[in-house]
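S.K.: Got a sequence here, can you model it:
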Amino acid sequence: MTASAPLPFDPIARAASLWGERIGEPRAMAAVTSVMRVQQILQQAVDTALRPHGLTFARYEALVLLRFSRVGSLPMRIMGERLQLHPTSITNIVDRLQGSGLVARRPHPTDGRTTLVEITEAGRERCAAATASVTAIDFGLVGLDDEQTETLTDLLARVRHAAGDFA
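M.R.: Numbers count the residues shown, from 1 in each chain. I've put the predicted structure just below:
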């Protein structure tokens, strides 16, 4: 999971020690640096699992969102809101998925200003295969038991909520 051989020491713990000696309280710095490093590790694991399916994590998330929708389609605006992406980003994701035949754009039946994105059967199949790959590696999250994983999720949700990520 790492790009090179593991270091013989924890560089974040070492940085925290030096931070404490030279700057001040290191708890927040060490926690944030750890989260950022874990994000890199998880991203690498997920990217590796999704690569054989021709998907990035953003495209995979879009397919999962469409699979979770009641009818297999959503307006692009709603997709952007749910995935917390800028309209330009969601357009790029949908363009790539459509180019691969995994989604199709359809006019909204009652609102001519709205475009629906609909997952295709090929998209459903690719999403199912990709889901098997990422769940087989627990999305790259290693070293925690089920209770610790739930605690981590709860703690991170507190940070996200306090930052205004959700109401």
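S.K.: ok, L116 - contacts?
M.R.: Neighbour list for L116: S73, L74, P75, M76, R105, R106, P107, H108 [criterion: Cβ atoms under 8 Å, 6 or more residues apart in numbering]. Backbone N, C-alpha and C define where each C-beta goes, glycine included.
S.K.: Confirm it sits in a helix?
M.R.: No - following the definition DSSP: H, G, I helix; E, B strand; the rest coil, L116 is strand and is not counted among the residues of a helix.
S.K.: Report the beta-bridge partner residues of it.
M.R.: Under the criterion DSSP bridges, L116 forms beta bridges with P75, R106.
S.K.: that older thread, including pLDDT, neighbour count and distance to D47, could the contacts of L116 go into a markdown table?
M.R.: As requested, the contacts of L116 are exported to a markdown table (pLDDT from 0 to 100; neighbours: other Cβ atoms under 10 Å; distance: Cβ to Cβ, whole Å):
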| residue | pLDDT | neighbour count | distance to D47 |
| --- | --- | --- | --- |
| S73 | 97 | 19 | 27 |
| L74 | 97 | 21 | 25 |
| P75 | 96 | 15 | 28 |
| M76 | 93 | 17 | 25 |
| R105 | 97 | 13 | 27 |
| R106 | 94 | 12 | 30 |
| P107 | 92 | 11 | 34 |
| H108 | 90 | 12 | 34 |
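S.K.: Distance check, R59 against H53.
M.R.: Spatial separation of R59 from H53 under the definition Cβ to Cβ, to the nearest Å is 9 Å.
S.K.: tell me which element D47 is part of?
M.R.: With elements taken from DSSP states H and E, the one containing D47 is helix 27-50.
S.K.: Identify each buried residue in that helix, please.
M.R.: Residues of helix 27-50 classed as buried under the neighbour-count rule (16 or more other Cβ atoms under 10 Å) are M29, A30, T33, L42, A45, V46, A49, L50.
S.K.: ok, back up a step: neighbour-wise, which of R59 and H53 wins?
M.R.: A side-by-side neighbour count of R59 and H53, using other Cβ atoms under 10 Å, places R59 first with 24 against 20.
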